[in-house]
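Undergrad: pasting the sequence and the predicted model now:
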Amino acid sequence: MRRFREGTLGNNDALPPARCHPGHNPAVKFPRRDSGHLTIMPSCPKATETNRKNAPRPNSPRPQPKPVRRSFTLVESLVALGLAALAGAAVLGGVYATLYTAELALRQAIALGVAEQLMDEIYGSSYSEGESNPYSLTLGPGKDETASGTRALYDDVDDYHRLVCEPPVDRWGIRLGQDDGRGSFRFPGLRLDSGFVNAIRLECRVSYVRKDDFRQPVASGSASDYRAIEITASYRAADGTLRPLCQLQRLVAYIPRL
């Protein structure tokens, strides 16, 4: 916009020609506008339109700068992977320890139940073979008692000395979980076919102990009125090694008839 001081030119005076662009015609007359003490003459319509288009709009949003996309370097990626591996190893180690402890507790509970079942069977037998010799130094079953290959003829406590059962069976030679407790098999739908139970090994020992300390055996070649029964339950792993699970001990005493 061109501005002229009031009094310099009259309202009817001609304005000096001006060329704001090559297509401007100085013969075209433009109206003048009065604003206070200044007389304002608009510029070329074409230039005014061009300025109006290029002028920023007050309500239009300003163009936002495009965000710069960043990425991790190779060193940062390797460090992050190393930290993630360490954290994952610690978490997985704790989970494995928890699962191993839970599985071991389950196996010990099953093995203890199997050992107690054998102990109850021994408790149902007499102390010795009749009343003839309750202090016999020969412990173990006789030939006639092992002829059947089962424990069906075991009738006294010392018959179970050095007994080994793998897998555990009842006194009639039927695997535990498939027997009915009376010398025959269960109904097929009620039989238990567990690989873990079949991998349990039971070992039984019977020995004379001192009357003043039941944890100490008597001297070799001597006997007493007390016998200790010890049953050890182990688990045979896939590699063939035996892993002890539990040990059960009981004490029986001989009381002569009055």
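TA: Great, that's in hand. Residues are numbered from 1 along each chain as shown.
Undergrad: distance of the residue sitting nearest the centre point of the chain from residue 85?
TA: Note on the chain: the residue nearest the mean C-alpha position is residue 95, at 3.9 Å, using C-alpha atoms, centre = their mean. Here the criterion is C-beta to C-beta, to the nearest Å. By it, residue 95 lies 16 Å from residue 85. C-beta coordinates here come from the backbone N, C-alpha and C atoms, glycine included.
Undergrad: show me what contacts residue 233?
TA: With contacts defined as C-beta atoms under 8 Å, 6 or more residues apart in numbering, residue 233 is in contact with 111, 112, 114, 115, 200, 201, 202, 244, 245, 246, 247, 248.
Undergrad: doesn't the fourth one fall inside a strand?
TA: No - counting by DSSP: H, G, I helix; E, B strand; the rest coil, residue 115 is not found in a strand; it is helix.
Undergrad: so where do the strands sit in the stretch 51-200 of the chain?
TA: Counting by DSSP state E, counting those that start in this stretch, the segments of the stretch 51-200 of the chain that form strands are 163-165, 200-208.
Undergrad: right, so the ones you listed: which one is the most enclosed?
TA: Neighbour counts (mean count of other C-beta atoms under 10 Å) averaged over each of the strands of the stretch 51-200 of the chain peak at strand 200-208, with a mean of 19.
Undergrad: what helices or strands is that strand leaning on?
TA: In this structure, strand 200-208 packs against helix 74-123, strand 163-165, strand 226-236, with contacts taken as 3 or more C-beta pairs under 8 Å, 6 or more residues apart in numbering; DSSP states H and E.
Undergrad: and that strand, average pLDDT?
TA: Averaged over strand 200-208, pLDDT sits at 95.
Undergrad: give me the sheet partners of it and which way each runs.
TA: Sheet pairing of strand 200-208 (DSSP bridges) gives strand 163-165 (antiparallel), strand 226-236 (antiparallel).
Undergrad: any idea of the angle that strand forms with helix 74-123?
TA: Per axes from the mean of the first three to the mean of the last three C-alpha atoms, to 10 degrees, the angle that strand 200-208 makes with helix 74-123 is 50 degrees.
Undergrad: could we number from 40 for the rest of this?
TA: Fine by me, first position is 40 from now on; the one you just mentioned is strand 239-247.
Undergrad: and this structure, what are its domain boundaries?
TA: The record assigns the chain these domain ranges, following automatic domain parsing: 59-92, 150-292.
Undergrad: burial count for residue 154?
TA: Using other C-beta atoms under 10 Å, residue 154 is surrounded by 22 other residues.
Undergrad: ok, it - contacts?
TA: Residue 154 makes contact with 241, 270, 271, 272, 285, 287 under the criterion C-beta under 8 Å, 6+ apart.
Undergrad: make a markdown table out of these and add distance to residue 171.
TA: A markdown table is the format used below for these (distance: C-beta to C-beta, whole Å):
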| residue | distance to residue 171 |
| --- | --- |
| 241 | 30 |
| 270 | 27 |
| 271 | 31 |
| 272 | 34 |
| 285 | 36 |
| 287 | 30 |
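Undergrad: pick the one among these closest to residue 116.
TA: Closest approach between the contacts of residue 154 and residue 116, by C-beta to C-beta: residue 285, at 51.0 Å.
Undergrad: which strand or helix spans that closest one?
TA: Secondary structure assigned from DSSP states H and E places residue 285 in strand 281-292.
Undergrad: how far out from the middle of the chain is that strand?
TA: The chain centroid and the centroid of strand 281-292 are separated by 32 Å, computed with C-alpha atoms, centre = their mean, to the nearest Å.
Undergrad: tell me what angle it forms with helix 113-162.
TA: Angle of strand 281-292 versus helix 113-162, following the same axes, to 10 degrees, is 30 degrees.
Undergrad: with just CA atoms, put strand 281-292 into PDB.
TA: Taking Å, rounded to 0.1, in the frame of the first residue of the first chain, the C-alpha atoms of strand 281-292 are listed here in PDB:
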ATOM      1  CA  LEU A 281      18.400 -94.900  42.300                       C
ATOM      2  CA  ARG A 282      17.300 -91.800  44.100                       C
ATOM      3  CA  PRO A 283      16.200 -92.300  47.700                       C
ATOM      4  CA  LEU A 284      12.900 -90.800  48.500                       C
ATOM      5  CA  CYS A 285      12.000 -91.900  52.100                       C
ATOM      6  CA  GLN A 286      12.900 -94.200  54.900                       C
ATOM      7  CA  LEU A 287      10.500 -95.800  57.400                       C
ATOM      8  CA  GLN A 288      11.500 -97.400  60.700                       C
ATOM      9  CA  ARG A 289       9.400 -99.300  63.200                       C
ATOM     10  CA  LEU A 290      10.200-101.300  66.300                       C
ATOM     11  CA  VAL A 291       8.700-104.600  67.500                       C
ATOM     12  CA  ALA A 292       9.300-106.300  70.800                       C
END
